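[1] below: sequence and its predicted model.
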Amino acid sequence: MPYPTDRERDRPWVMRTYAGHSSATASNALYRRNLAKGQTGLSVAFDLPTQTGYDPDHELARGEVGKVGVPISHVGDMRQLFDGIPLADANTSMTINATAMWLLAMYVTVAEEQGADVAALMGTTQNDIIKEYLSRGTYVFPPGPSLRLITDMVAWTVTSVPKWNPINICSYHLQEVGANPVQEVAYSLCTAIAVLDAVRDSGQVPQEEFGSVVARMSFFVNAGVRFVEEMCKMRAFAALWDEITLERYGVQNPKHRRFRYGVQVNSLGLTEAQPENNVQRIVLEMLAVTLSRNARARAIQLPAWNEALGLPRPWDQQWALRMQQVLAYETDLLEYADIFDGSPVIEAKVDEIMAGARAEIDRVQAMGG
């Protein structure tokens, strides 16, 4: 489905479906089917052995190969995963952290084999190893070497693959392990500060080009069913990011300071009981990250209504995609300026979240970051 050409409408967000199945071949078929239905980006889910650096034939990988995503252990797997999909035209998000550097290297290799201009590749590697210590535990190396991997990858992509987002600082899992909006904003921004400080101090990027580093920083957030609060959280995120990047790093270009984020709405809140009610949960959560123009998501991926029961069927994933398409193409959402500007209720909630987050950021920085 093409983007609207009406200049009075905003360009829609990138529409994705988070997906990775039992093998590269099966996942490739899924991706091609979804793209044919109007999906505008890819979002790759990797299995746990791939996330933690094990080959599928390793004994510790037994029982986990292909279970929660696609297994990719060498460039041949990556080649098969994107067979028939021109990476020069793709916008690919890869949810991978500890082994992100290797997966990106394989992706770039396959793109080169296809004849793509590497400098024009678009997409995102999550590459937020720091949050693995806070929430998920799928780290491979200690914090220091992990931050070094992040730093080197950010510096390389900014010069070699300038349209790529080398990190997706991830507040998503913080919410899933119990963080409230203030903590979610604060700890994510503390991670961003740690990464930006490390890149700056590494000397790999000239100071005059540091705005380009800031411009490629992206975030990945969770949108829960308390959609007014979630929308206020995103406005607070955007305002604090603008503040930090201007005051701490001296980035003068407002485009470089723009808060850029993608969303997976809250899968953990989907229920096995009466799963049909998950549909309205997903729609409300999508509204949280689209209604406010000044804090609207750049990319959205929605789970299937029956995700709590097992792997979704193609029809289920199609339904999740159609939800986004109806909102973007059939409603008048993209025709207006921000409809919440000037609302005292919204401003008060945003101010509350920002004040709490500032205090928590200061506390973390005082302890050493």
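    Everything's here; your move.

[2] list the contacts of Glu272.
    Residues in contact with Glu272, defined by Cβ atoms under 8 Å, 6 or more residues apart in numbering, are 308-309. Yep, even glycine has a C-beta here, placed from its N, CA and C like the rest.

[3] check which helix or strand it maps to.
    Assigning secondary structure by DSSP states H and E places Glu272 outside every helix and strand.

[4] going forward, begin numbering at 609 instead of 1
    Shifting the count to begin at 609 puts that one at Glu880.

[5] that one and Ala916, how far apart?
    Using Cβ to Cβ, to the nearest Å, one obtains 5 Å as the distance from Glu880 to Ala916.

[6] tell me the centre residue of the chain?
    Central residue check for the chain by Cα atoms, centre = their mean: the C-alpha nearest the mean position is that of Phe828, 3.6 Å away.

[7] tell me if that one really is in a helix.
    No: secondary structure assignment (DSSP: H, G, I helix; E, B strand; the rest coil) places Phe828 in strand, not in a helix.

[8] tell me what it is bridged to.
    Per DSSP bridges, the residues bridged to Phe828 are Cys778, Gly870.

[9] surely it is in contact with His781?
    No: counting by Cβ atoms under 8 Å, no contact exists between Phe828 and His781, whose distance comes to 9.1 Å.

[10] show me where pLDDT drops low in the chain?
    Counting by pLDDT under 70, the ranges of the chain that qualify are 609-616.

[11] could you pull out the strands for it?
    In the chain, the segments counted as strands under DSSP state E are 622-624, 626-627, 650-653, 699-703, 730-733, 772-773, 775-778, 825-831, 869-873, 907-909.

[12] would TSV of the ones you listed with distance to Tyr795 be doable?
    Below are the strands of the chain laid out as TSV (distance: least, Cβ to Cβ, whole Å):
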stretch	distance to Tyr795
strand 622-624	25
strand 626-627	23
strand 650-653	23
strand 699-703	19
strand 730-733	20
strand 772-773	20
strand 775-778	10
strand 825-831	12
strand 869-873	15
strand 907-909	22
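
[13] out of the ones you listed, which gets nearest to Asp946?
    Of all the strands of the chain, it is strand 869-873 that lies closest to Asp946, at 16.0 Å by Cβ to Cβ.

[14] for that closest one, name the packing helices and strands.
    Of the remaining helices and strands, those touching strand 869-873 by 3 or more Cβ pairs under 8 Å, 6 or more residues apart in numbering; DSSP states H and E are strand 825-831, helix 886-896, strand 907-909.

[15] adding distance to Thr759, write those out as CSV.
    CSV is the format used below for the helices and strands packed on strand 869-873 (distance: least, Cβ to Cβ, whole Å):
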stretch, distance to Thr759
strand 825-831, 13
helix 886-896, 32
strand 907-909, 24
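
[16] quick revisit: tell me who's in contact with the residue nearest to the centre of the chain.
    With contacts defined as Cβ under 8 Å, 6+ apart, the neighbours of Phe828 are 734, 736, 776-780, 869-872.

[17] quick one: which two of the residues you listed are the most distant?
    For the contacts of Phe828, with distances taken as Cβ to Cβ, the pair at the greatest spread is Asp736 and Val871 (15.1 Å).

[18] could you report the distance from the residue of the chain most remote from its centre to Thr700?
    Distance from the C-alpha centroid of the chain peaks at Glu667, with 31.0 Å (Cα atoms, centre = their mean). Summarising the geometry, the distance separating Glu667 from Thr700, computed by Cβ to Cβ, is 31 Å.

[19] now swap in Arg756 and tell me
    Distance from Arg756 to Thr700, by Cβ to Cβ: 25 Å.

[20] same check on Ala727?
    If you go by Cβ to Cβ, the gap between Ala727 and Thr700 works out to 16 Å.

[21] between these two, who's got more neighbours?
    When neighbours are counted by other Cβ atoms under 10 Å, Thr700 comes out ahead of the other of Ala727 and Thr700, with 22 against 11.

[22] quick one: that one and Val652 touch, right?
    Yes: counting by Cβ under 8 Å, Thr700 does reach Val652; the two are 6.7 Å apart.

[23] related to what we said a few turns ago, now the contacts of Phe828 as JSON lines including neighbour count and distance to Gly684?
    Conversion of the contacts of Phe828 to JSON lines gives the following (neighbours: other Cβ atoms under 10 Å; distance: Cβ to Cβ, whole Å):
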{"residue": "Gln734", "neighbour count": "24", "distance to Gly684": "23"}
{"residue": "Asp736", "neighbour count": "27", "distance to Gly684": "27"}
{"residue": "Asn776", "neighbour count": "27", "distance to Gly684": "26"}
{"residue": "Ile777", "neighbour count": "25", "distance to Gly684": "31"}
{"residue": "Cys778", "neighbour count": "28", "distance to Gly684": "29"}
{"residue": "Ser779", "neighbour count": "27", "distance to Gly684": "35"}
{"residue": "Tyr780", "neighbour count": "28", "distance to Gly684": "31"}
{"residue": "Tyr869", "neighbour count": "24", "distance to Gly684": "33"}
{"residue": "Gly870", "neighbour count": "26", "distance to Gly684": "29"}
{"residue": "Val871", "neighbour count": "27", "distance to Gly684": "32"}
{"residue": "Gln872", "neighbour count": "22", "distance to Gly684": "29"}
